[in-house]
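Chemist: What follows is a predicted protein model with its sequence.
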Amino acid sequence: MLTLDKLHIVQGEFSLTADLSVPTGARIAVMGPSGAGKSTLFSTIAGFIRPTAGRILWNETDLTRMAPGDRPLSILFQDQNLFPHLSVVQNLGLGIDPKLRLSRADHARITQALARTGLQGLEDRKPAALSGGQQSRVALARALLRARPLLLLDEPFAALGPALKAEMLVLVAEIAAEQGTTILMVSHDPDDARSLCPDTILVADGKTLPPQPTESLLNNPPEALKAYLGP
Amino acid sequence: MGSGARALIWPALAAALVAALVLVPLGAVTIRAGGFGGLRGGDLSALWFTLWQAAVSAMLSCLLALPVARALFRRRFAGRGPLISLLGAPFILPTVVAVMGLIAVFGRRGMVNAALGGFGLPEFSIYGAHGVIVAHVFFNLPLATRMVLHGWQSIPSERLRLAASLDFGPHEIQRHLEWPMLRSVLPGAFLAIFLVCLTSFAVALILGGGPGATTVEVAIYQAFRFDFDLGRAASLALVQVAICVAALTLTARITRGESFGAGLDRPLATPLGQGALLRMQDGLAILLATAFLLLPIGAIVVRGLPALADLPPSIWAATRISLTLATVSTLLTLALALPLALAAPRRRWAETAAMLPMAASALVIGTGLFLIARAFVNPTSLTLPVTLIANATLSLPFAVRILLPEVRTLQNDYDRLAASLGLSGFARLRYLTLPRLARPLGFSTGIAAAFSMGDLGVITLFSDGRTQTLPLALFQLMGAYRMDQAAAAACLLMALTFALFWACDRIGHHADPR
């Protein structure tokens, strides 16, 4: 279970509070107007921003002062998810051991992950030689190998077309089901939220509201969300 | 977050070492000088000459760069690319070699005076104040040209198209597009050149040196070597530091870290300057600038190559010493520059430490180290270590300046990803930092190696004439008027310097996995 315990994030004029918990294995969409602080919230959970007050807990473990790489989570950003100068295998290897000391068993796991994400035969390519969809798959495969219990998706598929994006979301759902991963996903698209996430966290007006059923929230949106979603 | 403190150990050590290398000699100089009491009347004129020759050199370089840069911007011709690359060459050309080349062209028996004599005109002397200025323009005209050319290229082509659609003539283009650009570029170019010329030593030592053409650096050398008046040398060193610090402060105020933009060689949206007169004017500017840069180098090659076989064996010993010095001092520069550059975007003190050597000059550090060394040993026995330390320290600011923008990009792009994967320490250096910085590392290594290889500075204070680097050996051959051998040594030095730079730069490109 992920718990945001009386969390308060302040950055200059910007301020955001969060006091909620997310059950293990849940798939949660995070919605809200631009600039409301969705990415800031993710950066705080992932450890790039230190909160002004409050704690971040995974089950009983306090993550608040933990280094980003030690936290029980993987995060996929909007861009720069791969190192462009490293091959696909090396990029995936970093998910197993940051020092890239890979055993034979590790290589076998990488091969499996590549097969699972439909990337066979692309082992030695550099990211620039992959399509946008393939790059997203490599990033997902790395998350698969890291097998951390929490996965944060900060719009990693925003640059993909609708069909590819839907394909990725299906893959995410499958992987999450296999590994029992808890998912938090920033979303601008109500359809994405509906398809993958039964529950939604709303970020607006400096507050983070606890998860509520996505369907009823979208059918009956509060003022802040209504303005953002449009008619 | 967690490994933050541990990651700062290396930059802190490097900063402490740089601070010691600069501030300890400065302290020694300050104590020995005990104020400015040791100065003589002649030293005031050295101060005056240092300031005005730097101002005139910078002004002339900028003024002459204008027509050349404009011509290179407007015209497309075969060899334009190589010519622009060639403009970078004087930056790494050893000073002694360039001065020799200028003497070959502008000297008493050079082709310029032969031509002047043919027209019955009075002889031009390369020695004295104007010689120093000609040499400074030789080194800095290319730098100014590149800066101004970047300025021209940074004018968006859309704006030139707009100008064409509004039927602007050359005067309107000048007024609305070119002048605003020049106003932002020229002060930076002027100050950069002014700063370099303030600490000019080898040029002023060979071409100047007499009354009215002695820089403060040369005055330090003379007080040292001819009068052995260490108190006066120390006072002069303080004067030099004061000039540098004042000029640096001025520069920091006036230039606001403007970038000169990448030189995109996109085709011009509209052809500019189509008149026959303008064409001729541009052609002449390019021709004269090219001749000014190439003739001195060519003159040395022509005279030196045949004499290569006659070089005394001592030259080869000096060559070995120079190559070793350049290698070790470059490694030291890198060992200091990399941790400081990596820390600088977040820690102000790291950048300050890296720029600290700019407050001193070669001879200031040399004087300080001499004063310290002689308390313990015979300074001559430390000639090579001291030269090495001074070279490494003085090329540090250049190396860090080259690395810093790339480090910023690297950290903006990949810090979060690296942190989220737990990539840190040596693995981060190996798999992220070094591959991504390969090119600027190769380039700055090449610059540092070329500087060290061609340097004629501190060693002149310490050497007894027996411990020689290649530039010092060349300087002594010139002093003995063995000009054929000197030209041959100059060829050798030039070839080795360019080869070192080229090899480092190539390795950087090769190691870049992109």
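Modeler: Thanks, I have the structure now. Everything quoted here is computed from the prediction, not taken from an experiment. Numbering: from 1, shown residues only, chains lettered A, B, ... in the order given.
Chemist: Do you know the pLDDT at residue 60?
Modeler: Going with chain A. Each residue has a pLDDT score; the one for A:E60 is 89.
Chemist: look at chain B instead
Modeler: 97.
Chemist: ok, now B:L268?
Modeler: If you check B:L268, the pLDDT there is 54.
Chemist: distance from the centroid: which residue in chain A tops it?
Modeler: Distance from the C-alpha centroid of chain A, by CA atoms, centre = their mean, peaks at A:R104 (29.2 Å).
Chemist: tell me the contacts of it?
Modeler: A:R104 is in contact with no residue at all, counting by CB atoms under 8 Å, 6 or more residues apart in numbering or on different chains. For the C-beta atoms, the positions are set from N, CA and C on the backbone; glycine is no exception.
Chemist: For it, grab phi and psi.
Modeler: phi -60, psi -40 (degrees, to the nearest 10).
Chemist: Just the buried residues of stretch B:408-423, please?
Modeler: Buried residues in stretch B:408-423, counted by 16 or more other CB atoms under 10 Å in any protein chain shown: B:410-411, B:414-423.
Chemist: Where does A:M185 sit, in terms of helix or strand?
Modeler: Under the criterion of DSSP states H and E, A:M185 resides in strand A:182-186.
Chemist: Residue of chain A nearest chain B, please.
Modeler: A:G69 (2.4 Å; CB to the nearest CB).
Chemist: tell me the SS of that residue?
Modeler: Taking DSSP: H, G, I helix; E, B strand; the rest coil as the rule, one finds A:G69 in the helix state.
Chemist: Nearest residue to it in space, ignoring adjacent ones along the chain?
Modeler: Using CB to CB, 6 or more residues apart in numbering or on different chains and skipping the chain neighbours, the partner closest in space to A:G69 is B:G422 (2.4 Å).
Chemist: Going by neighbour count, which residues of the longest helix anywhere in chain A are buried?
Modeler: The single longest helix within chain A, with elements called by DSSP state H, is helix A:162-179. For helix A:162-179, a neighbour-count test (16+ other CB under 10 Å) marks A:164-169, A:171-173, A:175-176 as buried.
Chemist: now do stretch B:368-382
Modeler: Across stretch B:368-382, burial judged by 16+ other CB under 10 Å covers B:368-373, B:379-380, B:382.
Chemist: and it, C-alpha only, in CSV?
Modeler: Written as CSV, here are the backbone C-alpha positions of stretch B:368-382 (Å, rounded to 0.1, in the frame of the first residue of the first chain):
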residue,chain,number,x,y,z
GLY,B,368,55.4,32.9,-6.7
LEU,B,369,56.6,29.3,-7.1
PHE,B,370,60.2,30.4,-7.5
LEU,B,371,60.0,32.4,-4.2
ILE,B,372,58.6,29.3,-2.4
ALA,B,373,61.0,26.9,-4.1
ARG,B,374,64.2,28.8,-3.3
ALA,B,375,63.5,28.6,0.4
PHE,B,376,64.1,24.9,0.2
VAL,B,377,66.0,23.9,-2.9
ASN,B,378,67.8,25.3,-6.0
PRO,B,379,64.7,26.3,-8.1
THR,B,380,66.5,25.3,-11.3
SER,B,381,66.1,21.7,-10.2
LEU,B,382,62.4,22.1,-10.2
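Chemist: List of residues touching that stretch?
Modeler: With contacts defined as CB under 8 Å, 6+ apart, stretch B:368-382 is touched by B:24-29, B:32, B:224, B:230, B:234, B:237, B:386, B:389-390, B:458, B:461-464, B:467.
Chemist: Find the closest residue to chain A in the stretch 101-250 of chain B.
Modeler: As assessed by CB to the nearest CB, chain A sits closest to B:P156 within the stretch 101-250 of chain B, at 25.8 Å.
Chemist: that older thread, show me the contacts for the residue of chain A closest to chain B.
Modeler: A:98, B:419-424.
Chemist: so which pair among those is furthest apart in space?
Modeler: By the measure CB to CB, B:S420 and B:S424 form the most distant pair in the contacts of A:G69, at 11.4 Å.
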